[in-house]
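A.B. asks: generate coordinates for the sequence data below:
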Amino acid sequence: MNKKKVAIVSISLGKGGAERFAALLTFMLESSGFEVHSIVINDDVDYEYTGTLFNLEKESLGSFSVFRKLRKGKLLRNYLVQNKIDIVIDSRPKNVLLRELITNFIYRDSKVYYIVHSFNFKDYFPSSKIWSRILYKDVNTVICVSKTIEEKVKKWYGFENTITIYNPFFIAQEELKKAVLEPQKIILYFGRFEEKVKNFTLMLDAFLQSKIYEKGYRLHLMGSGDDEDFIQQKIKTLNLNDYIKILPFKPTPFDEVREAKFTILTSKYEGFPLSIVESLALGTPVIAVDCNSGPREIIQNAFNGLLVENHNSEALAQAMNRFADDAELYHFCKQNAAESVKHLSLKPISDQWKNLLNSQ
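C.D. replies: Next comes the predicted model:
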């Protein structure tokens, strides 16, 4: 029996949450009986994947930069045709209208599914609602990674072809079965170093206000990104050098997550942050701001973590001290953490994808 051929198109398979999801999706679809092809725009591969990889950046090397984008488009079209791709799942941002109209033409012989990974709609829709409807009119399904995003898509554009499928976590059973470590006095952030999204200013200001470092706590920031220098300068300005450590990016920071007392997220906006899900799956509670979107659909306040009003450094500082001082609350949240995200493991999310792609 011939397998349906699926191409997952993404910016890369490196460092970002959407990119990590694209890598996970290869495993989900292969286990569901699809032939999987990953097509990446940029030559950046950090996460494990399965199936065939087609790297447009490598294939277009040697072209003048002005022609490289056109060559990537031609290569993409040729790959889809030559490999007789049935389904395209496009996981990229779609913030350049002309490029996306051309991309829609490239995809013209396949069933197409677009994923909206962020509540920041300017990354996925043109500013004009009319052009947005034109861009998405021939898409089979608009897949939203949170219910809040799907509600917004329906309200703003009137789309009916929408569905919410949450991002899953994929942590090997041997990792999940490892003995739970006695948490250290470490607060951990892991993810991109991008101030305009992750709001390190709020995180660092709250850490200073909390004075939790006087109780022996340290803040570890693990990741990479263009704003590392900004973060280091902010730490220096706040005289927090002795209490904060910057660690390099790791695709699987599971030991560091288990070691932490709790993890933290202070984003201005999100989609469905995998860092929260992975932390809870490993038994580590989370403090997160109630940004749009994702955290409120994962964190049950005072059950598996603490959900805090966004842009409120005082409330965030109080939440840090609450976990440090209230042992009963902390251990209750830790006890509930892993069980609270079992519905987000690979198998149930894989089944949702399989049902969607086989039903159309």
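A.B. asks: can you give me phi and psi for residue 127?
C.D. replies: Per-residue torsions, residue 127: phi -60, psi -30 (degrees, to the nearest 10).
A.B. asks: and residue 113, by the same measure?
C.D. replies: phi -130, psi 130.
A.B. asks: now swap in residue 43 and tell me
C.D. replies: phi -80, psi 80.
A.B. asks: residues in contact with the longest helix anywhere in the chain?
C.D. replies: Criterion DSSP state H: the longest helix present in the chain is helix 65-82. For helix 65-82, contacts defined as C-beta atoms under 8 Å, 6 or more residues apart in numbering pick out 7, 9, 37, 39, 41, 54, 56-57, 59-60, 63, 85, 88, 99, 102-103, 106-107, 109-110. Where you see a C-beta, it was placed from the backbone N, CA and C, and this is true even at glycine.
A.B. asks: parallel or antiparallel, which strands does the following helix or strand past it pair with?
C.D. replies: Toward the C-terminus, helix 65-82 is succeeded by strand 87-90 as the next helix or strand (DSSP states H and E). Paired neighbours of strand 87-90 in the sheet (DSSP bridges): strand 5-10 (parallel), strand 111-116 (parallel).
A.B. asks: now do the buried residues in the last one.
C.D. replies: Of the residues in strand 111-116, those scored as buried under the neighbour-count criterion (16 or more other C-beta atoms under 10 Å) are 111-116.
A.B. asks: likewise for stretch 191-199?
C.D. replies: For stretch 191-199, by 16+ other C-beta under 10 Å, it's 191-195, 197-199.
A.B. asks: residues contacting the residue nearest in space to the middle of the chain?
C.D. replies: Geometric centre of the chain, nearest residue: residue 17, 2.7 Å, by C-alpha atoms, centre = their mean. Neighbouring residues of residue 17 by C-beta under 8 Å, 6+ apart: 117, 167, 191-192, 271, 273-275.
A.B. asks: show me the two of these that sit farthest apart.
C.D. replies: 167 and 192 (15.3 Å; C-beta to C-beta).
A.B. asks: returning to that earlier point: quick one: buried ones out of the contacts of helix 65-82?
C.D. replies: The buried subset of these - by 16+ other C-beta under 10 Å - is 7, 9, 37, 39, 41, 54, 56, 59-60, 85, 88, 103, 106-107, 110.
A.B. asks: which of those residues sit farthest apart?
C.D. replies: Between any two of these (C-beta to C-beta), the greatest distance is 21.3 Å, for 60 and 110.
A.B. asks: state the distance from the closest residue to residue 212 other than its chain neighbours to residue 215.
C.D. replies: Of all residues not flanking residue 212 in the chain, residue 320 sits nearest, at 5.1 Å (C-beta to C-beta, 6 or more residues apart in numbering). Going from residue 320 to residue 215 by C-beta to C-beta, to the nearest Å gives 10 Å.
A.B. asks: and these two? Which one has more around it.
C.D. replies: residue 320 (25 against 12; other C-beta atoms under 10 Å).
A.B. asks: per-domain residue ranges of this structure.
C.D. replies: Domain assignment for the chain by automatic domain parsing gives 5-168+345-358, 173-344.
A.B. asks: can you add mean pLDDT and give those domains back as JSON lines?
C.D. replies: Output for these, formatted as JSON lines (pLDDT from 0 to 100):
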{"stretch": "domain 5-168+345-358", "mean pLDDT": "93"}
{"stretch": "domain 173-344", "mean pLDDT": "95"}
